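K.L.:
structural data only, the sequence is not supplied:
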């Protein structure tokens, strides 16, 4: 089982990397279509980069859940992994920029992939752990739904705080 988990997590990283890359450009490629905006990056803000990591990880988790039906810890592990990946993006980005100053684009791109890799590695560790016990898989799914809803709502009703600000245009949201 441990080998299978590693393969699943590697596949998840690949799907998330490809999906996140596509989602980064999809809004512009589709002529700024409103229907894709809740799922793709609508600007270059940190929030939008968190969003393009969240959606591919969530979609992969849904697909993966059909193959992990007997894992009672599945949704708790996925919640932790997705939260780690999504929250690492602003932590690494703002820490790096606070220490070094403005970062080149290749560093920002690397931050996305490193955060995705760390999230999937962390999930693999949790899946292989004997110590994790999920008390409420339904609560994990509910929290993932709340996070998804926040990504959708904040696309259209964007708070005017720094994490939502596009550093290129100074705009918030769409």
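P.N.:
Nice, I can see it. Treat the numbers as computed from the prediction; the structure is a model and nothing was measured.

K.L.:
could you use CA atoms for every contact and neighbour count after this?
P.N.:
OK.

K.L.:
got phi/psi on residue 70?
P.N.:
Backbone torsions for residue 70, taken as degrees, to the nearest 10, come to phi -90, psi 0.

K.L.:
what distance do you get for it to residue 121?
P.N.:
21 Å (Cα to Cα, to the nearest Å).

K.L.:
and residue 156, by the same measure?
P.N.:
Residue 156 sits 33 Å away from residue 121, going by Cα to Cα.

K.L.:
those two: which is more packed in?
P.N.:
residue 121 (17 against 14; other Cα atoms under 10 Å).

K.L.:
tell me the contacts of that one?
P.N.:
residue 9 (Cα atoms under 8 Å, 6 or more residues apart in numbering).

K.L.:
in whichever strand or helix holds it, what's buried?
P.N.:
Following DSSP states H and E, one finds residue 121 within helix 105-127. The neighbour-count check on helix 105-127 (16 or more other Cα atoms under 10 Å) flags 108, 111-113, 115-124, 126-127 as buried.

K.L.:
where in the chain is pLDDT low?
P.N.:
In the predicted model of the chain, residues 1-3 satisfy pLDDT under 70.

K.L.:
so which residues of it form strands?
P.N.:
Secondary structure of the chain (DSSP state E): no strands located.

K.L.:
name the nearest residue to residue 36, sequence neighbours excluded.
P.N.:
residue 27 (6.2 Å; Cα to Cα, 6 or more residues apart in numbering).

K.L.:
I'd guessed that neighbour sits against residue 44; true?
P.N.:
No - between residue 27 and residue 44 there is no contact under Cα atoms under 8 Å: 11.8 Å.

K.L.:
hey, what's in contact with both of the two?
P.N.:
With Cα under 8 Å, 6+ apart as the test, residue 27 and residue 44 reach no residue in common.

K.L.:
among the buried residues of helix 105-127, which one lies nearest to residue 52?
P.N.:
residue 112 (9.1 Å; Cα to Cα).

K.L.:
quick one: that closest one from residue 86, how far?
P.N.:
Where residue 86 is concerned, residue 112 sits at a distance of 9 Å (Cα to Cα).
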